[in-house]
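>>> sharing a sequence plus its predicted fold:
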Amino acid sequence: MIVIDSLVDFFLETRKHTEKICEPLEIEDYVVQPIVDVSPPKWHLGHTTWFFEEFILKPYAKNYTIFNEDFSFVFNSYYETVGKRVVRSDRGNLSRPSVEKVYEYRNHVTTAIASFFEQNQNEILLGLLEIGIHHEKQHQELLLTDIKYILGNNPLLPAYSATVETHQNEIQQQQWIPIAEGIYEIGHNANDFCYDNELGRHKVYLQPYLISNKLVTNEEYIEFINASGYTKFDLWHAEGWDWLNQNHISAPLYWHKIDNKWHHYTLKGLQEVPMNTPVTHISYYEAFAFAQWKGCRLPTEFEWETAQLHFPWGQRWEWTESAYLPYPNYKKADGALGEYNGKFMVNQKVLRGGSVATPERHTRFTYRNFFQTNLRWQFTGLRLAK
């Protein structure tokens, strides 16, 4: 049972946190879109607001006044059911509406939602509010990683914040955790929030395996680079090898060789790469090649979920060897919200665990993130299995 007061408080807290993420930005930072995968901060602010307006206020709040009729076109992302939208690659061309106007829009919708739920405690509506909150939390992580990409591709490599911390040492000694052969249950099985792609709890049979208690560190990854790991075709998938050569990849994203030492762009600015923190901003291709070089492999998502009680997780989204597919008896929701996960279940790999950019109260051990195999702008890393 969803409790109305705590959920509305959760909503208000989430809305404030999104804006807090943007506090260090200059006004010019809000509109930049370096690549198609990165959306401008201003667009994230508007899109997360549009979600609440489109799915709650427009259909259910009788006296609600739409803030701007054009905003549905501007801030819709990929919902075909809802109507036309700005092409994803054109989000950076939106010099208007202004940042100020987008913040007015946020305040308008936030106030309307809080007022609406003072009188409406229908379980269906509360469910929509809850998914809207977690949708915004997803965008908080995207917002932070998109800001990093925007600033990390600025020739001046400016710092986002002097206080944000995204790199923590892996202090535990390397151990290989044995997991016995057997039948294990996978999937969400609690009363708290989850996405539909986590449902369909089911049994899987696992062969015996070993999984590392720690993530691969920068020091280990530099060993891979120094051993010419990026030039040995036999370590790579054919598709990964083509990607590497076509894009001239020779190190993780944001890495720079300066005076024969590796540096990387962080949200604090350019710094020397620390040896004991987990490597990050690598593609699935790179994670696979590193595992091959070590004589190991990536765990499947089922192996990861079964073993996760035995190691700390949450610093990096961990690439797995599992394709992003539906669980048994998966059924998409009716209407626009049915587009949330199901239509992306093709040509993507599952990542598990969450990252330092994942907001509090959002991730869990059944959470199934997913990305294309070449993407690196999230805080991605790897854990070995064998």
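Thanks, I have the structure now.
>>> now the closest residue to Gly342 other than its chain neighbours: how far from Tyr195?
Using Cβ to Cβ, 6 or more residues apart in numbering and skipping the chain neighbours, the partner closest in space to Gly342 is Lys332 (4.0 Å). Yep, even glycine has a C-beta here, placed from its N, CA and C like the rest. Distance, Lys332 to Tyr195, by Cβ to Cβ, to the nearest Å: 12 Å.
>>> what of Ile35?
26 Å.
>>> those two: who's more crowded?
Tyr195 (16 against 13; other Cβ atoms under 10 Å).
>>> ok, that one - contacts?
Tyr195 makes contacts with 134, 340-341, 367-368, as judged by Cβ atoms under 8 Å, 6 or more residues apart in numbering.
>>> with His263 instead?
255-257, 270-273.
>>> report the buried members of those.
Buried members of those, counted by 16 or more other Cβ atoms under 10 Å: 255, 270, 273.
>>> hang on, the last one packs against Asn218?
Yes. Under the criterion of Cβ atoms under 8 Å, Val273 lies in contact with Asn218, with a separation of 5.1 Å.
>>> shared neighbours of the two, anything?
The contact lists of Val273 and Asn218 share Trp262, where a contact means Cβ under 8 Å, 6+ apart.
>>> in helices, which of the buried ones among the contacts of His263 fall?
Per DSSP state H, helices hold no members of the buried ones among the contacts of His263.
>>> how many neighbouring residues does the nearest residue to Arg316 once chain neighbours are set aside have?
In this structure, Arg316 finds its nearest non-sequential neighbour in Gly381, 3.1 Å apart by Cβ to Cβ, 6+ apart. Using other Cβ under 10 Å, Gly381 is surrounded by 25 other residues.
>>> do you know how far Glu54 is from Leu125?
From Glu54 to Leu125 the distance is 14 Å (Cβ to Cβ).
>>> what about Leu94, neighbour count?
For Leu94, using other Cβ under 10 Å, the count is 19.
>>> tell me where the chain has strands.
For the chain, the strands defined by DSSP state E cover 176-179, 182-186, 202-206, 209-212, 255-258, 261-266, 269-272, 317-323, 349-352, 369-371, 380-381.
>>> sorry, back to before: which residues touch the residue nearest to Arg316?
Gly381 neighbours (Cβ under 8 Å, 6+ apart): 215-216, 278-280, 282, 287, 315-319.
>>> buried subset of the residues you listed?
Buried, going by 16+ other Cβ under 10 Å: 215-216, 278-280, 282, 287, 315-319, out of the contacts of Gly381.
>>> and the pLDDT at the residue nearest to Leu253 when sequence neighbours are not counted?
Excluding its sequence neighbours, the residue lying closest to Leu253 (Cβ to Cβ, 6+ apart) is His281, at 3.8 Å. pLDDT for His281: 98.
>>> how many neighbouring residues does His281 have?
For His281, using other Cβ under 10 Å, the count is 24.
>>> that one against Thr380, yeah?
Yes. At 6.4 Å, His281 counts as touching Thr380 under the criterion of Cβ under 8 Å.
>>> Val204 bridge partners, please.
Under DSSP bridges, the beta-bridge partners of Val204 are Tyr184.
>>> can you name the residues that contact it?
183-186, 302.
>>> tell me the predicted confidence for it.
For Val204, pLDDT reads 98.
>>> quick one: low-confidence ranges for the protein?
1-5, 78-83, 335-340 (pLDDT under 70).
>>> can you give me the helices for it?
4-22, 41-52, 58-60, 71-75, 99-119, 123-152, 218-226, 238-247, 284-293, 301-307.
>>> export those helices to a markdown table and tack on distance to Arg85?
Listed next are the helices of the chain as a markdown table, based on distance: least, Cβ to Cβ, whole Å:
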| stretch | distance to Arg85 |
| --- | --- |
| helix 4-22 | 21 |
| helix 41-52 | 10 |
| helix 58-60 | 16 |
| helix 71-75 | 6 |
| helix 99-119 | 16 |
| helix 123-152 | 16 |
| helix 218-226 | 39 |
| helix 238-247 | 29 |
| helix 284-293 | 28 |
| helix 301-307 | 31 |
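>>> Pro359 is nearest to which of those helices?
helix 123-152 (4.5 Å; Cβ to Cβ).
>>> OK, contacts around the residue nearest to Leu253?
252-254, 376-380.
>>> could you redo the last one with a cut-off of 7 Å?
252-254, 376-377, 380 (Cβ atoms under 7 Å, 6 or more residues apart in numbering).
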